[in-house]
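Q: requesting a structural model of the entry that follows:
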Amino acid sequence: MLYHFETFALDTERRELRQAGRPVPVEPKVFDLLVHVITNRERVVSKDDLITAVWKGRIVSESAMTTCINAARTAVGDSGEAQRLIKTLARKGIRFVGTVREEQKSPVAAVQVPPEISQVLRLPDRPSVAVLPFINLSADPEQEYFADGIVEDIITALSRMRWLFVIARNSSFTYKGRSVDLKQVGRELGVRYLLEGSVRKAARRVRITAQLVDVSTGASLAAQRFDGTLNDIFELQDQVTASVIGALLPSLEKAEIARAKRKPTESLDAYDLYLRGMSLVYRWTKDSHDEALRLFYRVMELEPDFASAYGMAARCYAFRTANGWMTDPAMDADEVGRLCRRVMEVGQDDAVALCTAGHALSRVVGDTDAGSRLIDRALELNPNLGAAWLSGGWVNVWRSEPSEGITRFLRAMRLSPVDPQMFNMQAGVAAAHFIACRYDEACLWAALALKDQPGFGSALRIAAASHALAGRQHEAQEVFVRLRKADPGLRAGNIKDRVVYRQPEDNARLLEGLRRAGLAE
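A: Numbering: from 1, shown residues only. Down below sits the predicted model:
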């Protein structure tokens with residue numbers, strides 16, 4: 001049977017809801033609810049009626065039923081406020097009040113979709129992602145609520161990131177309980193990426209898996225597995241959300257950078273230029289940072305309110321400072337101050353821009369109080385942003401707060417275990433141990449950082465000074481040879497241009513260690 005109302009057609013045989021000939025994704029229970037209220041539209045359908053018809057007599061919570069009714073309204077373009085088609089009658093139930101025309105479906109009938117309607121949704125000009133409902137692989141149906149809660153938290157966390165286009169929960173959840181073709185879902189939702197996953201519970205343990213898929217190729221870009229206990233289900237839910245988000249974001253960024261590199265030069269827009277600048281930043285060389293800065297300034301010309309471009313430009317100056325690549329430290333500090341003020345003007349709700357600006361303001365200008373406030377604001381906006389925990393850790397180090405710094409660095413590592421800046425996190429832990437006079441630990445962590453970035457000035461300075469202060473003169477001199485090659489202009493008289501420790505004794509110990517390792521006056 002076909003039921004026609006407004007621009008919709010409900011096909012009970014094919015179990016399809018269409019609007020103007022185009023399929024509308026609907027969860028099975030939502031479809032059953034629509035069929036039941038439409039076929040019984042001459043009367044009020046009670047809660048008990050719905051439990052019998054839709055849930056087959058199984059006990060269901062009031063919130064689950066309300067969610068299902070709201071999803072049915074959303075599917076047909078209605079809402080709880082308008083109640084244009086599905087009306088709630090207090091303490092009685094619901095009733096379908098739209099005008100319905102019934103049609104006995106011909107077995108050979110085929111719906112012709114107008115070409116202008118069947119066109120695929122145009123992809124947004126920024127990364128676009130939908131999080132599909134996680135599959136409950138457990139025998140316990142109660143785990144549905146846990147799985148749905150994780151997905152809702154992930155959608156909320158992703159939605160805080162202004163550079164992402166995130167499909168709303170109501171649209172994503174229309175695929176719940178359905179076997180879907182990911183490429184088709186991507187076309188229907190108009191997104192480039194999909195995040196799918198599953199939840200499996202056994203006794204008091206639970207395993208959550210998730211993978212990010214590029215729907216244009218069907219390739220898996222990242223996969224994440226999380227095992228935990230159900231002792232505190234809400235804490236576990238938060239941990240899973242943070243873990244998945246942390247693994248997801250670097251993979252998304254890498255995929256978008258690769259896409260921008262493939263784009264013809266003549267068709268590059270501000271966002272593509274920004275991505276190309278990011279790819280240059282991740283080479284971690286002086287020349288690549290110089291070229292990245294040029295691209296970020298070009299982005300500012302094209303899009304004067306692109307907050308992240310200002311933040312990343314400031315961050316480039318901070319990396320210059322860390323490696324001794326400045327040409328005029330005072331001029332760099334003035335420019336960083338200008339860039340950070342611009343971030344505060346146009347990016348008050350942009351967590352990425354705020355954390356990069358906060359890091360640069362602390363590192364180059366030396367204003368760790370203002371920098372810390374910007375980073376804390378970024379973490380308020382997005383507590384799952386690994387870059388903000390990393391920047392906050394460095395500010396703790398510069399403020400002589402090693403324990404807090406290590407906590408933040410480890411949090412950043414947990415959130416973003418494959419981050420291109422892992423060496424920076426490891427160097428931060430090394431610096432924190434140096435501040436705490438734990439020179440052996442400082443050397444171990446610095447060695448980890450230098451394994452990936454052999455010329456990173458911050459790690460080389462910590463390693464050389466720590467070996468020297470621990471009495472390992474040979475090792476200190478070996479590292480200092482590498483430091484002198486990476487930063488040939490370093491002298492005792494200009495060490496203050498590279499380091500921003502607020503406590504004089506921390507600066508004095510670093511300088512003493514470097515002098516023992518071979519630093520000239």
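Q: buried residues, the lengthiest helix in the chain. List them.
A: In the chain, taking DSSP state H as the definition, the longest helix is helix 233-262. For helix 233-262, the neighbour count (16 or more other C-beta atoms under 10 Å) marks 236-237, 240-257, 260 as buried. Where you see a C-beta, it was placed from the backbone N, CA and C, and this is true even at glycine.
Q: what helices and strands are in contact with the next helix or strand after that helix?
A: Next helix or strand after helix 233-262 toward the C-terminus (DSSP states H and E): helix 270-281. Applying 3 or more C-beta pairs under 8 Å, 6 or more residues apart in numbering; DSSP states H and E, we find helix 270-281 packed against helix 233-262, helix 286-302, helix 307-323.
Q: hey, what's the angle from helix 270-281 to helix 286-302? Just curious.
A: Inter-element angle recorded for helix 270-281 and helix 286-302: 170 degrees (by axes from the mean of the first three to the mean of the last three C-alpha atoms, to 10 degrees).
Q: now the helices for the stretch 301-450 of the chain?
A: In the stretch 301-450 of the chain, the helices defined using DSSP state H, counting those that start in this stretch lie at 307-323, 329-346, 351-360, 368-381, 386-398, 402-415, 422-435, 439-452.
Q: what about Arg178, distance to Glu27?
A: Between Arg178 and Glu27 the distance, using C-beta to C-beta, to the nearest Å, works out to 7 Å.
Q: looking at the two, which is more packed in?
A: Glu27 (20 against 14; other C-beta atoms under 10 Å).
Q: leaving aside the residues next to it on the chain, what's closest to that one?
A: Among residues not flanking Glu27 along the chain, Lys176 sits closest, at 4.4 Å (C-beta to C-beta, 6 or more residues apart in numbering).
Q: how about the contacts made by the one you found?
A: Residues near Lys176 by C-beta atoms under 8 Å, 6 or more residues apart in numbering: Glu27, Pro133, Asp148.
Q: and for Ala432?
A: Gly393, Asn396, Val397, Pro402, Ser403, Gly405, Ile406, Phe409.
Q: and it, what pLDDT?
A: Looking at Ala432, its pLDDT is 95.
Q: ditto for Val395
A: Looking at Val395, the pLDDT reads 96.
Q: do Gly489 as well
A: Predicted confidence (pLDDT) for Gly489: 88.
Q: remind me which helix or strand it belongs to.
A: Going by DSSP H and E, Gly489 is not in any helix or strand.
Q: can you list the domain ranges for the protein.
A: Domain segmentation of the chain under automatic domain parsing yields 2-118, 128-262, 263-419, 427-521.
Q: worst mean pLDDT among those?
A: Lowest mean pLDDT within the domains of the chain: domain 128-262, at a mean of 77.
Q: who are the packing partners of the helix or strand in which Ser63 is found?
A: Using DSSP H and E, Ser63 sits within helix 62-75. If contacts are counted by 3+ C-beta pairs under 8 Å, 6+ apart, helix 62-75 sits against helix 28-39, helix 47-53, strand 86-89, helix 169-172.
Q: now the ones you listed as TSV including mean neighbour count and distance to Asp11?
A: As requested, those are exported to TSV (neighbours: other C-beta atoms under 10 Å; distance: least, C-beta to C-beta, whole Å):
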stretch	mean neighbour count	distance to Asp11
helix 28-39	21	10
helix 47-53	15	18
strand 86-89	17	19
helix 169-172	18	21
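Q: how many other residues sit next to the closest residue to Leu469 other than its chain neighbours?
A: Ranked by C-beta to C-beta, 6+ apart and with sequence neighbours excluded, the top spatial neighbour of Leu469 is Gly513, at 4.5 Å. Gly513 has 24 neighbours, counted by other C-beta under 10 Å.
Q: Gly513 contacts Gln473, correct?
A: No: in this structure Gly513 lies outside contact range of Gln473 using C-beta atoms under 8 Å: 11.0 Å.
Q: scan the contacts of Ala432 and report the most crowded one.
A: Going by other C-beta under 10 Å, Val397 tops the contacts of Ala432 with 32 neighbours.
Q: relative to Pro454, how far out is that one?
A: Separation of Val397 from Pro454 (C-beta to C-beta): 21 Å.
Q: need the strands for the stretch 101-250 of the chain, in chain order.
A: Listed in chain order, the strands of the stretch 101-250 of the chain (DSSP state E, counting those that start in this stretch) span 101-103, 128-131, 135-136, 165-166, 193-202, 205-214, 219-229.
Q: just the ones you listed: most buried one?
A: Among these, ranked by average contacts under mean count of other C-beta atoms under 10 Å, first place goes to strand 128-131 (a mean of 25).
Q: run through who's touching that one.
A: The contact list for strand 128-131, computed with C-beta under 8 Å, 6+ apart, reads 151, 154-155, 158, 164-167, 171-172, 185-186, 189-195, 212, 252.
Q: let's see it at 6 Å
A: For strand 128-131, the external contacting residues (C-beta atoms under 6 Å, 6 or more residues apart in numbering) are 151, 154-155, 165-167, 172, 189, 191-195.
Q: the closest residue to His289 other than its chain neighbours: neighbouring residues, count only.
A: In space, His289 comes closest to Cys316 once its chain neighbours are excluded; the distance is 5.0 Å by C-beta to C-beta, 6+ apart. When counting by other C-beta under 10 Å, one arrives at 26 neighbours for Cys316.
Q: hang on, Cys316 packs against Leu295?
A: No: the pair Cys316 / Leu295 is not scored as a contact, 10.1 Å apart, by C-beta atoms under 6 Å.
Q: quick one, what contacts Gly246?
A: Gly386, Leu415, Ser416.
Q: now, which of those sits nearest Arg482?
A: Taking C-beta to C-beta as the measure, Ser416 is the one of the contacts of Gly246 closest to Arg482, at 27.1 Å.
Q: dump the residue contacts of the residue nearest to that closest one when sequence neighbours are not counted.
A: Leaving aside its chain neighbours, Ser416 sits nearest to Gly386 (3.4 Å; criterion: C-beta to C-beta, 6+ apart). Remark: with contacts taken as C-beta under 6 Å, 6+ apart, Gly386 is in contact with Gly246, Ala412, Leu415, Ser416, Asp419.
Q: could I get those as TSV with distance to Leu275?
A: What follows is these, written out as TSV (distance: C-beta to C-beta, whole Å):
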residue	distance to Leu275
Gly246	20
Ala412	22
Leu415	22
Ser416	18
Asp419	17
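Q: most neighbours of all those, which one?
A: Scoring the contacts of Gly386 on neighbours with other C-beta under 10 Å, the highest-scoring entry is Ala412 at 27 neighbours.
Q: separation between that residue and Ser391?
A: To Ser391, Ala412 is 9 Å away according to C-beta to C-beta.
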